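Engineer: Sharing a sequence plus its predicted fold:
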Amino acid sequence: MANLSVKIGNIELKNPVMTASGTFGYGEEYADFIDLSKLGGFVVKGTTIHHREGNPYPRMVETPSGMLNAVGLQNHGIDYFIDSIYPRIKDIDSQIVVNVSGSDVSDYVAVCEKLQPLDRINAVEINISCPNVKHGGMAFGTTCAGAESVVKAVRNSYSKTVIVKLSPNVTDIAEIAKAVEAAGADAVSLVNTFLGMAINVETRKPYLSTITGGLSGACIRPIAVRMVWQVSKAVSIPVIGLGGIMNGRDAIEFLLAGATAIQVGTANFIDPTVTIKIIEYIEDYMIRHRVDNIYELIGGMKI
Amino acid sequence: MANLSVKIGNIELKNPVMTASGTFGYGEEYADFIDLSKLGGFVVKGTTIHHREGNPYPRMVETPSGMLNAVGLQNHGIDYFIDSIYPRIKDIDSQIVVNVSGSDVSDYVAVCEKLQPLDRINAVEINISCPNVKHGGMAFGTTCAGAESVVKAVRNSYSKTVIVKLSPNVTDIAEIAKAVEAAGADAVSLVNTFLGMAINVETRKPYLSTITGGLSGACIRPIAVRMVWQVSKAVSIPVIGLGGIMNGRDAIEFLLAGATAIQVGTANFIDPTVTIKIIEYIEDYMIRHRVDNIYELIGGMKI
Amino acid sequence: MKKYVKDFKVSDNVHLNEQYSLLKLKPVDGEMPDMHPGQFVQVYIDNSKNTYLRRPISINFLDKINNELWLLIRKAGDGTRHLIQTPCGSMLNMIIPLGKGFSLKNGNILLIGGGVGVAPLLFLGKELKEKGCNVSFLLGARSKNDLLEIDEFKKYGQIYLSTEDGSVGEKGFVTQNSILQSSFDMIQCCGPLPMMKAVASIARKKNINCEVSLENSMACGVGACLCCVEDTVSSGNVCVCKDGPVFNINDLKWQI
Amino acid sequence: MKKYVKDFKVSDNVHLNEQYSLLKLKPVDGEMPDMHPGQFVQVYIDNSKNTYLRRPISINFLDKINNELWLLIRKAGDGTRHLIQTPCGSMLNMIIPLGKGFSLKNGNILLIGGGVGVAPLLFLGKELKEKGCNVSFLLGARSKNDLLEIDEFKKYGQIYLSTEDGSVGEKGFVTQNSILQSSFDMIQCCGPLPMMKAVASIARKKNINCEVSLENSMACGVGACLCCVEDTVSSGNVCVCKDGPVFNINDLKWQI
């Protein structure tokens, strides 16, 4: 049996297949469809220090091979997560990662400090790339200085694995990745959504209440693969690849480009069982290609 | 009859529908399918000072709702264009724009100086955003200083209309647009292609000979519309919008976002008659919505 | 109720008119999931270029005798255009069942439907009748030809019709129908938003318990993406796909 | 030759085997464009989610009597998977005709095809025969069941077969077939690249004029996008879609 396990910072994933924040709820929503313990890990949705109602609807519009969303980090806040959600999911035998967002650096720190004591949460994903909030979010992720400031502060207040989720809405994502690596990140995950918009030409109004939103889905995959390739060459910490992964082939493509693990996002909406199919595809691919260890595939593109 | 004519710099287009450089050859390739004189204008493919063989094949791979290309500015050079192609197309009753590329500033200047005397060429599109060439191209388009340097030099050597084609592979496209406006551009066109890549997982080789290529097609439209909206708010020169326009609805979407004219690119490959259908759709839309003058639609998104 | 991702086989495709098809579907594995009136399914459309996400379709009817699920499809976009043309024998993959449905109360119940909104009321009417309720259907449409499944509705209750052109039933909107003069213990409604709001305000004036079934642009259908929210009195933004699509009007922040 | 964007109606869809379908198409307006053997069409596939661009398909045959165009479709990806299932009566939009075809020479001509590469040779063989040529077909496939349209080919020339498993004709590759001992005035070939290169090297050794039909990933099909280039002796990078797909081997920079 091929070895699919990978290491991200100090956490070990039984396989490289994770789910992306904001697309998989708290895992529970998919418990009817798949055995969550089969996943390498899952990232629970963006959590902030205080409760957030998110943006008004409409929050979503379909686009060619993708979708725009403008949820705006709706969540009940970190205390509610710790008191009401964590107890329900903590016994799932998979790596549970909490995606952390904030309006300023102290928010990120406060949330991470509250997560520190939780036995079953051994990694956070610092979201400096949410395009759907007025303050913070992407603002931190589009400059090296902004990214550094958040990561340094979190690093000093959180001793477990720190993953930093990068924005693709930049000229040189490798530069940002190098900055967060220098600031002490254990891994980077990319890409978050692309800032986009769509207009209803009959009403002349934007489809989203916030005018712009985050583009995800298969449409962005070629750009995401390119960015994963560039970043994995630029940094020595593990890269978690995401952006339009719809099936096992796409997952392998990201691994070959340099990703140590991958996250499945929008594809969960189209097929709630897709993550399991991807794991099975990778196992089958490794047998077909006589690959014993998944690390032989990581960055294995032949030029 | 509604008035569809728009002005870009000193040139007047009978309607806002143009074709994008590199997707429409020299117009002739589509003469069997449509009456070229019905077009507002067409941009002939990227022309350089010297003949270029372009990149080795494979140069193209299909992606979800789009395609990656790595043509690499294959063309016979400006002299061949002037001697052999211009005489064949100069009598087409439409605005003929020449897309100009170069490896350094002097190349751009030299090509524009050679175009200056041509009666039927009254505008150039300065390509500072080609992702498929080693030198120049996108390098100029991703910094304000780089963009300025090319545009200033061209402006001083070419007296007709200068359109600058911008790269979307930047953090803040509005900043670049402001820089080229300040440098003397008469208009900007956006977006050029997004840098992307795709890997064949069975061979583990990239699909393109150049590894990365330019992503175009419907998949990028939401990002392109957002950038057109941002740029049109930031500059006072006309914006020509392009990026995944597949039909008349999409064209109207770009106009509402702030584009004064639009360019149809990849869609020509899928339907060689699409430009005419788009013009007819716009005419019909203006009747349905009681719009007498196309300028009522430009930037007409209701917030 | 447990949710499934299941393949169904199209056993019949009844073209009701230019705009509407009634798809009858059998689970390939023979096992029909439990479902409740007002719930919906997410259909995967395999052959539509311009359809990336699944399409939410409300459950029209559950034919327990023939083990068939009925979906009433209206041609809205490219996805549903392909869906109404689905040939018999072909497969459809669905996530089923989704959302919270209508409540099943007792007494004198009026079910109001407009356009394709009549779909969930057939299944609901049947369940209510079997429960011993006195069911009345008030169905509205633009014109006679737009009224759907009337013969089916007749099996489960009294029928009252409104058409905008008066080609059948009373002329005008459902909200103008004289049946609304009578009193009911409960009104359950599905249709265009303006119609549902008008019905809701009548129900509120007459102090009748009222439920409506909302639409919203959905991605996941299971409450994971938080795209399809509705602002509620009890808990702020909740998911129409998971906490709805059926809401009691007292929990909505509608200005009515 | 003038190019058209034209709607065709599928008058017949012959499922040759699990992998292949023969589509017979009539122009909706009744007017069949002029075309030449070796040219191709760009088919728009309306019902495939994963097909954004048109698909280039070489012209298999032009049935002038029935005013029908034949396309031989091999199931390669999602687009062709849908294409081979196209029901009779449905419409296909095509750009037609595209590219430069085979030259029509005189004398003793051998047409070599492998797999789906046999497609253009049927139309070519017919035209050559009508021109008075002595036509021989050397057709290769993995196995007996993979050989296509043999009865059609028989109408226009001598048939020589090669199968890798020897289930019919000579065992081995077409390049090992004994017919290649004889001499010809011209060899025209279409098939997998390794096969065409092997054929080209034999032709060169025996100093036989030889044309091959190339594949390449195409977008526009009309020479506008410059994606599908082949490096040539005469003019460097040229478009396979416009200056090909048929090339004389002497103009190719193949190492043979």
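Structural biologist: Alright, I've got the coordinates. Numbers count the residues shown, from 1 in each chain, chains lettered A, B, ... in the order given.

Engineer: Can you read off the pLDDT for the most far-flung residue of chain A relative to its centre?
Structural biologist: Centroid-distance maximum for chain A: residue A:202 at 35.2 Å, with CA atoms, centre = their mean. Looking at residue A:202, its pLDDT is 97.

Engineer: Now residue A:145: phi and psi?
Structural biologist: phi -60, psi -40 (degrees, to the nearest 10).

Engineer: measure the residue nearest to residue A:40 when sequence neighbours are not counted to residue A:242 for me?
Structural biologist: In space, and not counting its chain neighbours, residue A:40 is closest to residue A:13: 3.5 Å by CB to CB, 6 or more residues apart in numbering or on different chains. For glycine as for every other residue, the C-beta is placed from the backbone atoms N, C-alpha and C. Plainly put, residue A:13 is 14 Å away from residue A:242 if you go by CB to CB, to the nearest Å.

Engineer: Which one of these two is surrounded by more residues?
Structural biologist: A count of neighbours by other CB atoms under 10 Å in any protein chain shown puts residue A:242 above the other of residue A:13 and residue A:242, at 30 against 23.

Engineer: What is the burial count for whichever residue of the stretch 51-200 of chain C sits closest to chain D?
Structural biologist: When scored by CB to the nearest CB, the stretch 51-200 of chain C has residue C:82 as its residue closest to chain D, at 6.8 Å. A count of neighbours around residue C:82, defined by other CB under 10 Å, yields 19.

Engineer: The one 3 residues further on too?
Structural biologist: Summarising burial for residue C:85: neighbours were counted as other CB under 10 Å, giving 15.

Engineer: Am I right that it sits in a strand?
Structural biologist: No. If the criterion is DSSP: H, G, I helix; E, B strand; the rest coil, then residue C:85 is coil and not within a strand.

Engineer: Against chain A, how distant is it?
Structural biologist: According to CB to the nearest CB, to the nearest Å, residue C:85 stands 20 Å off from chain A.

Engineer: show me what contacts that residue?
Structural biologist: In this structure, residue C:85 makes contact with residue C:21, judged by CB atoms under 8 Å, 6 or more residues apart in numbering or on different chains.

Engineer: Touching stretch C:121-132 from outside, list them.
Structural biologist: Here stretch C:121-132 makes contact (CB under 8 Å, 6+ apart) with C:37-38, C:59-62, C:70, C:101-102, C:104, C:106, C:109, C:111-113, C:135, C:137, C:139, C:149, C:152-153, C:155-157, C:188, C:190.

Engineer: now stretch C:12-30
Structural biologist: Applying CB under 8 Å, 6+ apart, the contact partners of stretch C:12-30 are C:6-11, C:33, C:60, C:63, C:66-75, C:83-88, C:91-92, C:94, C:116, C:145-146, C:148-149.

Engineer: Please state the offset of that stretch from the chain centre?
Structural biologist: Its chain's average C-alpha position is 15 Å from that of stretch C:12-30, according to CA atoms, centre = their mean, to the nearest Å.

Engineer: repeat for stretch A:24-35
Structural biologist: For stretch A:24-35, the distance to the chain centre is 17 Å (CA atoms, centre = their mean).

Engineer: can you check stretch C:236-249 too?
Structural biologist: Relative to the mean C-alpha coordinate of its chain, stretch C:236-249 is positioned 15 Å out (CA atoms, centre = their mean).

Engineer: Any part of it near chain A?
Structural biologist: Yes. Contact between stretch C:236-249 and chain A, assessed by CB under 8 Å from any CB of the partner chain, occurs at C:236-237, C:242.

Engineer: buried residues in that stretch?
Structural biologist: By 16 or more other CB atoms under 10 Å in any protein chain shown, the buried positions in stretch C:236-249 come out as C:237-247, C:249.

Engineer: Can you tell me which residues in the stretch 101-250 of chain A are near chain C?
Structural biologist: Looking at chain C, the residues of the stretch 101-250 of chain A close enough under CB under 8 Å from any CB are A:217-218.

Engineer: Can you pull out the low-pLDDT segments for the stretch 101-250 of chain A?
Structural biologist: Within the stretch 101-250 of chain A, the segments meeting pLDDT under 70 span A:134-137.

Engineer: just the helices in it please.
Structural biologist: Ranges of helices in the stretch 101-250 of chain A, per DSSP state H, counting those that start in this stretch, are A:105-115, A:138-141, A:144-157, A:173-182, A:221-234, A:248-257.

Engineer: which other helices and strands contact the shortest one?
Structural biologist: For helix A:138-141, the elements it packs on are helix A:144-157, judged by 3 or more CB pairs under 8 Å, 6 or more residues apart in numbering or on different chains; DSSP states H and E.

Engineer: mind listing what residue A:193 touches?
Structural biologist: By CB under 8 Å, 6+ apart, residue A:193 lies in contact with A:69, A:129, A:131, A:168, A:213-216, A:220.

Engineer: from those residues, which two are the most distant?
Structural biologist: Taking CB to CB as the measure, the contacts of residue A:193 span a maximum distance of 15.0 Å, between A:69 and A:168.

Engineer: more crowded one of those two?
Structural biologist: Remark: of residue A:69 and residue A:168, residue A:69 carries more neighbours, 29 against 24, as counted by other CB under 10 Å.

Engineer: For residue A:86, which non-adjacent residue is closest in space?
Structural biologist: Leaving out its chain neighbours, the residue that sits closest to residue A:86 by CB to CB, 6+ apart is residue A:118, at 6.2 Å.

Engineer: Distance check, that neighbour against chain B.
Structural biologist: Distance from residue A:118 to chain B, counting by CB to the nearest CB: 35 Å.

Engineer: Next, count neighbours for that residue.
Structural biologist: Residue A:118 sits with 15 neighbouring residues when counted by other CB under 10 Å.

Engineer: Would you confirm that it contacts residue A:85?
Structural biologist: No. Here residue A:118 does not reach residue A:85: they are 11.0 Å apart, not a contact under CB atoms under 8 Å.

Engineer: quick revisit: tell me which of the residues of stretch C:236-249 next to chain A fall in strands.
Structural biologist: Among those, the members found in strands (DSSP state E) are C:236-237.

Engineer: Also near chain D: which of the residues of stretch C:236-249 next to chain A, exactly?
Structural biologist: Among those, not one lies near chain D by CB under 8 Å from any CB.

Engineer: which one among the residues of stretch C:236-249 next to chain A gets closest to residue C:167?
Structural biologist: Of all these, residue C:242 has the smallest distance to residue C:167: 39.3 Å, by CB to CB.

Engineer: got a list of what whichever residue of the stretch 151-300 of chain A sits closest to chain D touches?
Structural biologist: Going by CB to the nearest CB, chain D is nearest to residue A:218 of the stretch 151-300 of chain A, at 9.0 Å. Residue A:218 sits next to A:65-66, A:244, A:246, A:250, A:266, B:64-65, B:219, C:52 when contact means CB under 8 Å, 6+ apart.

Engineer: what about residue C:227, which helix or strand?
Structural biologist: Using DSSP states H and E, residue C:227 maps to neither a helix nor a strand.

Engineer: State whether it and residue C:237 are indeed in contact, as I suppose.
Structural biologist: No. Judged on CB under 8 Å, residue C:227 makes no contact with residue C:237 at a distance of 10.8 Å.

Engineer: need the residues of chain C near chain D, please.
Structural biologist: Within chain C, the positions near chain D by CB under 8 Å from any CB are C:46-49, C:51, C:82, C:87.

Engineer: What subset of these is buried?
Structural biologist: Buried members of the residues of chain C next to chain D, scored by 16+ other CB under 10 Å, are C:46-49, C:51, C:82.

Engineer: Against chain A, which of these make the cut? List them.
Structural biologist: Checking those against chain A (CB under 8 Å from any CB), the matches are residue C:51.
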